[in-house]
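[1] How does the following fold in three dimensions:
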Amino acid sequence: MRRRLIQSTLAVVLVVIAVFGVSLVIVETRTISNSAQERVDSEAIRLAGIVDSRLFAAEDVTAEILRDQVAQERYAVIRIPGKDPIEVGSKPSGQVISSTERGEEGETVTVQEPRSSVTREVGRTLLIIGLVALLAVIAAVLLAIRQANKLASPLTDLAETAERLGSGDPRPRHKRYGVPELDRVADVLDSSAERIARMLTAERRLAADASHQLRTPLTALSMRLEEITLTDDPDTVKEEANVALTQVERLTDVVERLLTNSRDPRAGNAVTFDLDEVIQQQLAEWRPAYRSVGRAIVSSGKRHLTAVGTPGAVAQVLAALIENSLMHGGGTVALRTRVTGNQAVIEVTDEGPGVPADLGARIFERTISGRNSTGIGLAVARDLAEADGGRLEMLQAQPPVF
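    The predicted structure follows:
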């Protein structure tokens, strides 16, 4: 592209120089020739006047007297009737510029100038025009190079930006070039990069959330299926199968909830539901896990509370808190229910060491964890609670109360 821009600019300049340069040379040549002819004519008229005045005064007309009146490089011949011609200067050879003037006393004055003087002056003029044309070409080339760099470099940058976007690097460059059209393309590419970055972030977040949120339901479902394979009692098989179906429904609800939040976190299917049912469901699912490590999980507080929201979302938030207590807490885990104004509150607490002081409220940030876990659970739980119109807060760090 640079080469094409330089070549096109240079071609335009050369055409302009050729058109105007040739015209200028023709005009200047004619002007110089006309000027030389006018000088010779003027010289002949002036000499004729001098000769007339001397003849009228009956004075002698000699070459010595007229020598100072004739310019250098010019040749003059004065013919007076009845006298020999008077020559002043050296007679030029070759082509000459000549002018003849007749005086009032009958004399004839002829002045000649060699055309070589005109040729030299034309040559000097052509040299000046050639130098100016050369300077114009050099200036045009420099300007073309500068303009080509100004246009080609931004296009190269934009191509690299587009290539980076295609290779999965969505970082916007926020670089502008001072050319409105190129800056517009840069704006579009930066906007596209930001949109792609948001989409990639959302996809990665969905994958991380799904991996974290599906782990617990799948583990519980696996435990129920293992119970079925280890027993021959039809009643036990039926009971465990029913529990497994319940786990499958929960798993389906978790997937639907994750997909809904990835599309629009504000979307939800709020209904009026019984909090006791959600709490008892969580207790039943988590008691085997707590029993296997020698710990207990209990509930207390106000009973028969109803709330408006999504039961599946509330169950997932409770499951995240209960799982955190199992992994990082200690002693008995208690779920307490109470009413504050028109809000139903569920507190989850345990007897463990609590949240480290250096974490504090940052415990809800993604990838923030005090004990080498993923740091996703509480962040997802808070997002679920807020999407459902509720809140998830840490009321106390030691012992922990959420």
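[2] Report the buried residues of stretch 343-350.
    If you call a residue buried by 16 or more other Cβ atoms under 10 Å, then stretch 343-350 has these buried ones: Ala344, Val345, Ile346, Glu347, Val348, Thr349, Asp350. The way it works is simple: take the backbone N, C-alpha and C, and place the C-beta from them, glycine included.
[3] tell me the secondary structure for the first one?
    Okay, so that is Ala344. Reduced to three states with DSSP: H, G, I helix; E, B strand; the rest coil, the structure at Ala344 is strand.
[4] so Glu64 sits in a strand?
    No. Using three-state DSSP, the assignment for Glu64 is helix, not a strand.
[5] Report the contact partners of it.
    Shown here is Glu64, which makes no contacts under the criterion Cβ atoms under 8 Å, 6 or more residues apart in numbering.
[6] change it to 10 Å
    Ile86, Val88 (Cβ atoms under 10 Å, 6 or more residues apart in numbering).
[7] what pLDDT does it get?
    At Glu64 the predicted local confidence, pLDDT, stands at 81.
[8] likewise Val333?
    pLDDT for Val333: 94.
[9] Cross-check the contact I'm expecting between it and Ile297.
    Yes. Here Val333 lies in contact with Ile297, judged by Cβ atoms under 10 Å, at a distance of 4.5 Å.
[10] so what sits against both of those two?
    Residues touching both Val333 and Ile297 (Cβ under 10 Å, 6+ apart) are Leu283, Trp286, Tyr290, Ile322, Ser325, Leu326, Val348, Asp350.
[11] what about Thr310, distance to Val255?
    Relative to Val255, Thr310 is positioned 14 Å away (criterion: Cβ to Cβ, to the nearest Å).
[12] Look up the closest residue to Ala133, ignoring the ones flanking it.
    With Cβ to Cβ, 6 or more residues apart in numbering as the measure, Ile17 is the residue that lies nearest to Ala133, at 4.8 Å, once sequence neighbours are left out.
[13] contacting residues around the one you found?
    Contact partners of Ile17, counting by Cβ under 10 Å, 6+ apart, are Leu24, Ile129, Gly130, Val132, Ala133, Leu134, Ala136, Val137, Ala140.
[14] Buried among these? Need that as a selection in ChimeraX.
    The ChimeraX command for the buried members of those (criterion: 16+ other Cβ under 10 Å) is given here:
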select :24,129,133,136,140
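[15] how about the contacts of Ile17 in CSV, adding pLDDT?
    Listed next are those as CSV, based on pLDDT from 0 to 100:
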residue, pLDDT
Leu24, 86
Ile129, 86
Gly130, 88
Val132, 88
Ala133, 87
Leu134, 88
Ala136, 87
Val137, 86
Ala140, 84
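[16] about what we covered before: mind checking the SS state of the residue nearest to Ala133?
    helix.
[17] Out of the contacts of Ile17, list just those in helices.
    Among the contacts of Ile17, the ones falling in helices (DSSP state H) are Leu24, Ile129, Gly130, Val132, Ala133, Leu134, Ala136, Val137, Ala140.
[18] Which one of these is nearest to Met223?
    Within the ones in helices among the contacts of Ile17, distances to Met223 taken as Cβ to Cβ reach their minimum at Ala140, with 82.9 Å.
[19] ok, the residue most central in space within the chain to Ser192 distance?
    Per Cα atoms, centre = their mean, the C-alpha nearest to the average position across the chain is that of Ala186, at 3.5 Å. Going from Ala186 to Ser192 by Cβ to Cβ gives 11 Å.
[20] Spit out the residues that contact those two alike.
    Once Cβ under 10 Å, 6+ apart is applied, the residues that Ala186 and Ser192 both contact turn out to be Thr161, Pro172.
[21] where are the low-confidence patches of the stretch 201-350 of the chain?
    201-202, 204-217, 220, 254, 257-269 (pLDDT under 70).
[22] Show me the helices in it, by range?
    Taking DSSP state H, counting those that start in this stretch as the test, the helices found in the stretch 201-350 of the chain are 234-263, 275-292, 311-328.
[23] Of the ones you listed, which is nearest Arg176?
    It is, among those and with distance given as Cβ to Cβ, helix 234-263, at 33.9 Å.
[24] helices or strands up against that closest one?
    For helix 234-263, the packing partners by 3 or more Cβ pairs under 10 Å, 6 or more residues apart in numbering; DSSP states H and E come out as helix 180-230, helix 275-292, helix 311-328, helix 377-387.
[25] For Thr125, which residues are in contact?
    For Thr125, the contacting residues are Leu24, Val25, Glu28, Thr29, Thr31, Ile32, by Cβ under 10 Å, 6+ apart.
[26] From those, list just the buried residues.
    By neighbour count, with 16+ other Cβ under 10 Å, the contacts of Thr125 hold Leu24, Glu28, Thr29, Ile32 as buried.
[27] What is the distance between the strand or helix carrying the second one and the centre of its chain?
    Going back to what we said before, that points to Glu28. Using DSSP states H and E, Glu28 falls within helix 2-56. With Cα atoms, centre = their mean, to the nearest Å as the basis, helix 2-56 stands 55 Å off its chain's centre.
[28] What of stretch 311-327?
    Computed by Cα atoms, centre = their mean, the chain-centroid distance of stretch 311-327 equals 45 Å.
[29] Now that stretch: buried residues?
    Neighbour-count burial for stretch 311-327, counted by 16+ other Cβ under 10 Å, picks out 311-326.
[30] before we move on, what about stretch 163-179?
    Under the neighbour-count rule (16+ other Cβ under 10 Å), stretch 163-179 has Leu165, Pro170, Pro172, Tyr177 buried.
[31] now the residues you listed in TSV, with distance to Ala71?
    Compiled in TSV, the buried residues of stretch 163-179 are given as follows (distance: Cβ to Cβ, whole Å):
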residue	distance to Ala71
Leu165	80
Pro170	84
Pro172	78
Tyr177	64
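[32] Can you add distance to Ser98 and secondary structure and give these back as CSV?
    CSV is the format used below for the buried residues of stretch 163-179 (distance: Cβ to Cβ, whole Å; DSSP: H, G, I helix; E, B strand; the rest coil):
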residue, distance to Ser98, secondary structure
Leu165, 81, helix
Pro170, 86, coil
Pro172, 81, coil
Tyr177, 67, coil
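[33] Many thanks, we can stop here.
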